[in-house]
Every structure is written in C-alpha cells, then in structure tokens.
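Enquirer: After the sequence you'll find the predicted model.
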Amino acid sequence: MVRRIRIHLPGGFYHVTIRGNHQQDIFREDTDRDLLNAIVARSLERHAAQLHAYCWMSNHLHLLVRVSAAPLGHVMRDIASNYARAFQIRVPTTGHLFERRYHATLIDVDAYLLEVLRYIHLNPVAASMVRYVSDYRWSSHHAYAGSRHASWLTTDFALAMFGPTRARAHAAYCRFVDAASVSTFDESLLGNAAVLGTEQFVASITAPPTGRRSKESLADLAAEACVKFGIAPSLLASAARTPQIIEARAWITRRALERGIANLSAVARFLGRDRATLRHAMRQYGVA
C-alpha cells in the first residue's frame, strides 16, 4: 500500500488518530490517561503546538492539533514514544504499543473545524460506550461546555465561532452537540484524503508552485521576527495583543507578501488571525 503524503502547513489544523497495535487497549487504568495528559502538555510546549480537541478512547486517540514551525510528526512521535515507554515500565509488555504510523488529515478551518470538533467528542457515543457525550470523562467536551479547564488545551479559537462571550459560546456549543445523538459528519472524509476542505482550499494546499517563489517559509519569517522583536515564538499565534506582538505579526505579513512566501489567507491561518486584522496591523505600523 502506498503511504499518504504528509503535508506540513505551519499554522495548520490536523485531525489525528493513532491506534494501539493490533487494536489493543492503550490504557489499563485511569491514571494512565492522567499520564498521557501530562506527556501531551509537555510535547505541545516543546514544539509550540496547540491542542484544540481530544478524545482518549480505549484503544485509540483522537486529537485536533494546530502546528507551528515543527511538523506534526515531531509532536506525534514525541507523544507516542514517551507514553509507550512510560506505559511499558508500569505494565511490562513486549512489542509496539502503537501502530507504526498515525493517521492525519489537514482540515479547512472555515469549512470543517466545528464538524470535526463534534465528531471527536461524539466518538464515545457512536461506540456505545456512553449514552450522552457528557458522560465520558476523557475528552475536551467538558472544557467546551464550560465545566472543566485544562491549561494545555486551547478552546478560545473554536469557541469564538459559537458566540461573542464565553457564556454564550458554551451554550451554543452544547446545543450544537446535542443536535445529534451521534455525529452526522461523514467519517470517511477523514480517511480518504490528506486534506479535507473546499475545492479552493485543497487546490491552494496541493497545487504545485508556479513562477518564481521564495525558498523561505512562514516558519522562517516567524523565527526572524521573534529575533527582531524579542518575543517568544508561541506568542505569535496566541491571544496576546501587545503592540510589540501586533507589530511582529504585521512585519511577518508584509514580508510574506513581498517575498512571495504566502498569500494573506495563508498568513492569517499561520498566525491565527483574520485577514482584516492583519491588514489593519500593517496600516497601523506603517508597513501596508
């Protein structure tokens, strides 16, 4: 079987699944899931990635990960290898704990983010493990519903799509999930392609480059900006809005456009902003 191409898009959102080898369980007790949480938190910080949703099933994991400069493979190898080693110390086993390759699909945020979010959270219901999504402890549903908080989980981005305040967003999210007893999302869409999105989005990701383009990447520009403005890489796509960070984002946007590295939509995805915000920042700091 031909392996699917791995697409690295700095700032991209990926739905990821990784399964136990031969479908074996990857947890023996609740403390194993607590251990995984700690390992995931460390890996996200190490690779400046964000986890926007998760569900720890009995024999596989679902994650919605946003990467930065480090490719998704670095994040997933870190999580899988560290958890497998820790698990096998506690429960001596032979062989691999996980299948050798994880499965990942790059997601078009505008078209599919909320559907994928709901699909992840409804997995235990679809598997008949629980009757209601709120009955399952080991997912990010509770953070989106407003009943739990995890410092290593990022919910602001998706919640902003549900409402202008956290209270209204939590309520709208719960209505969105409750509208379906199981996810109405076509699960096969995540398994049949490396990219899930509109025709325009897929074409923008998979089309071969034309004309003269810079060999630099947005990740290169981000690293340059962090040195120039004296800020940490993780702040560029964060919720922070200090003048220094806004100016750095404006600088990255203008240089990306000038050097042919990326268009405005791609920069907006990379920085977690909308295009209008970046245009305003460029005007504000005289780089428009």
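Expert: That came through fine.
Enquirer: so where do the strands sit in the stretch 51-200 of the chain?
Expert: Applying DSSP state E, counting those that start in this stretch to the stretch 51-200 of the chain gives strands spanning 60-66, 103-107, 195-196.
Enquirer: In CSV, please show the C-alpha coordinates belonging to the second one.
Expert: In this case it means strand 103-107. C-alpha atoms of strand 103-107 as CSV (Å, rounded to 0.1, in the frame of the first residue of the first chain):
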residue,chain,number,x,y,z
HIS,A,103,-3.3,9.0,10.5
ALA,A,104,-3.6,12.7,9.9
THR,A,105,-5.9,15.0,7.8
LEU,A,106,-5.2,18.7,7.3
ILE,A,107,-8.5,20.5,8.0
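Enquirer: Quick check: can you name the pairing partners of it and their directions?
Expert: Using DSSP bridges, the strands paired with strand 103-107 are strand 13-19 (antiparallel), strand 195-196 (parallel).
Enquirer: pLDDT (mean, whole number) over the longest one?
Expert: This means strand 13-19. Averaging pLDDT along strand 13-19 yields 94.
Enquirer: among the strands paired with strand 103-107, which is nearest A158?
Expert: Smallest distance to A158 across these (Cβ to Cβ): 9.7 Å, for strand 13-19. C-beta coordinates here come from the backbone N, C-alpha and C atoms, glycine included.
Enquirer: right, and the strands of the stretch 51-200 of the chain - which one's nearest R118?
Expert: strand 60-66 (11.0 Å).
Enquirer: Show me the helices in the stretch 101-250 of the chain, by range?
Expert: Along the stretch 101-250 of the chain, the segments classed as helices by DSSP state H, counting those that start in this stretch run 109-121, 123-126, 141-145, 156-159, 166-178, 188-191, 199-206, 218-229, 243-258.
Enquirer: Out of the ones you listed, which gets nearest to L278?
Expert: helix 243-258 (4.7 Å).
Enquirer: Show residues contacting the closest one.
Expert: 218, 221-222, 224-226, 228-231, 235-236, 238, 261-264, 266-267, 271, 273, 278, 281-282, 284-285, 287-288 (Cβ atoms under 8 Å, 6 or more residues apart in numbering).
Enquirer: quick one: contacts for V40?
Expert: V40 touches 51, 54, 79, 152, counting by Cβ under 8 Å, 6+ apart.
Enquirer: List buried residues within the residues you listed.
Expert: 51, 54, 79 (16 or more other Cβ atoms under 10 Å).
Enquirer: what's the residue positioned nearest the centre of the chain in contact with, if anything?
Expert: The centroid of the chain falls nearest to V65 when counting by Cα atoms, centre = their mean (2.0 Å). By Cβ under 8 Å, 6+ apart, V65 lies in contact with 13-14, 16, 49-52, 72, 75.
Enquirer: State the distance from L153 to N37.
Expert: Per Cβ to Cβ, to the nearest Å, L153 is found 9 Å from N37.
Enquirer: Of those two, which one has the most company?
Expert: For L153 versus N37, neighbours defined as other Cβ atoms under 10 Å are more numerous around L153 (20 against 16).
Enquirer: The more buried one reaches Y54, doesn't it?
Expert: Yes. Counting by Cβ atoms under 8 Å, L153 does reach Y54; the two are 7.4 Å apart.
Enquirer: between these two, what contacts are shared?
Expert: S140.
Enquirer: What about S265, how many residues nearby?
Expert: S265 - counted by other Cβ under 10 Å - has 15 other residues nearby.
Enquirer: quick one: low-confidence ranges for the stretch 1-150 of the chain?
Expert: 1-5, 91-95 (pLDDT under 70).
Enquirer: And for the stretch 151-288 of the chain?
Expert: 181, 183, 192, 206-215, 287-288.
Enquirer: Show me this structure divided up by domain.
Expert: 13-202, 211-284 (automatic domain parsing).
Enquirer: quick one: terminal-to-terminal distance for the first one?
Expert: With Cα to Cα, to the nearest Å as the measure, domain 13-202 spans 13 Å from end to end.
Enquirer: distance between that domain and the chain's centre?
Expert: Relative to the chain's own centre, domain 13-202 is displaced by 9 Å; criterion: Cα atoms, centre = their mean, to the nearest Å.
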